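Asks: Provided below are the primary sequence and the corresponding predicted coordinates.
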Amino acid sequence: MGKIKVLDTPSGRILKDLINAGVKLGISSRGLGSVKESMGVTTVEEDFQLICFDIVSEPSTPDAYVYPGEKSKSKSGFKFSTRLREQRENNIDNLFKKILGD
């Protein structure tokens, strides 16, 4: 669970409009570092550095979607409380899409 702050910039206004229109948006992280693979498990090493988070149409983690919560207007822009829902809900969505041929 986390919060993002959407600034009142051209890109921020586009994001706000997409959220207000009900567009399903994902969130992805970018970072640098090494990984270790052992017995089919990939582990991120201690040298990992988080660079940023991006709002995207298809998140890097399959189930990391943004769900707007309470909105509050501040001097520097809009704040959206967000939460990331787990795989179960997205699996149900994907199953319906497969059944309906979407």
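Replies: Looks like it arrived, so ask away.

Asks: so where's the chain shaky on pLDDT?
Replies: Applying pLDDT under 70 to the chain flags the ranges 1, 69-97, 99, 101-102.

Asks: try 80 this time
Replies: 1-4, 60-63, 67-102 (pLDDT under 80).

Asks: residues of the helix or strand where Asp17 lies that come out buried?
Replies: Assigned by DSSP states H and E, Asp17 belongs to helix 10-20. Of the residues in helix 10-20, 15-16, 19 count as buried by neighbour count, 16 or more other C-beta atoms under 10 Å. (Glycine included, C-beta is placed from N, CA and C.)

Asks: try stretch 49-57
Replies: Per 16+ other C-beta under 10 Å, stretch 49-57 contains these buried residues: Ile55.

Asks: contacts for it?
Replies: If you take C-beta atoms under 8 Å, 6 or more residues apart in numbering as the criterion, stretch 49-57 is touched by 4, 15, 25-33, 66.

Asks: Next, give me the two most distant ones among these.
Replies: Pairwise distances across the contacts of stretch 49-57 (C-beta to C-beta) peak at 27.5 Å, for the pair Leu15 and Gly33.
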